[in-house]
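[1] Below: sequence and its predicted model.
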Amino acid sequence: MPVIDSQLVFAEAQAATNHLADTASTNVYDTGGSNGQGDQGLSGENLFAVATVDTTATSGGAATVQAVLQDSADNVTFADVVAGPVVAVANAVAGTPLLRVQPPVGMRRYWRVAWRIGTADLTAGKFTAYLVNALQYNVARDSGFVADVA
């Protein structure tokens, strides 16, 4: 089970509703590299960028949700690096993964996640994104016991 470091959280229960422009994550991760280059490849750690639906999304139309990992050399101009799948609003329920990816080597110094809402505005929905060194997969299973309620 991964442990989430508060310094590696891009966004926690962040609202993103506008389909006309990306909503940048609340926080930006600075890898500490010089000359705009990232040092993440020097650690020997496996890192994963994870984004999930925190609060079920709703829309008055056929909205879609997508999480996009972006990088920048100057913390001003960001570019897409890896995009998660486009998820229809009907499937964007709490706990739905939007992005689970190992960031590619060669990313620039600053990283963030952008929430890309397509087709129509969302009327509700919050999203969380972070970096971790392990992925957790929850599998729902029957408990194997029956409670006797008398």
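    Right, received. Where do you want to start?

[2] Out of the helices and strands in this protein, which is least certain?
    Of all helical and strand segments in the chain, the minimum by mean pLDDT, DSSP states H and E falls on strand 29-30, at a mean of 92.

[3] what stretches of the protein score poorly on pLDDT?
    Across the chain, the ranges flagged by pLDDT under 70 are 1-3, 34-45, 137-148, 150.

[4] can we see that at 80?
    1-5, 33-45, 134-150 (pLDDT under 80).

[5] Would you mind naming the residues that bridge with the residue nearest the centre of it?
    With distances taken as Cα atoms, centre = their mean, Ala51 lies nearest the centre of the chain, 2.2 Å away. Counting by DSSP bridges, Ala51 is bridged to Leu99, Ala129.

[6] what's it in contact with, if anything?
    The contact partners of Ala51, by Cβ atoms under 8 Å, 6 or more residues apart in numbering, come to Phe10, Ala67, Gly84, Pro97, Leu98, Leu99, Arg100, Val113, Phe127, Thr128, Ala129. C-betas here are computed from N, CA, C, even on glycine.

[7] Out of these, which end up buried?
    With neighbours counted by 16 or more other Cβ atoms under 10 Å, those contain buried members at Phe10, Ala67, Gly84, Leu98, Leu99, Arg100, Val113, Phe127, Thr128, Ala129.

[8] From the contacts of Ala51, pick the one nearest Asn27.
    Phe10 (5.4 Å; Cβ to Cβ).

[9] What strand or helix carries that closest one?
    strand 9-15 (DSSP states H and E).

[10] by contact count, what packs against that strand?
    strand 48-59, strand 110-118, strand 122-132 (3 or more Cβ pairs under 8 Å, 6 or more residues apart in numbering; DSSP states H and E).

[11] now do 7 Å
    Judged by 3 or more Cβ pairs under 7 Å, 6 or more residues apart in numbering; DSSP states H and E, strand 9-15 is in contact with strand 110-118, strand 122-132.
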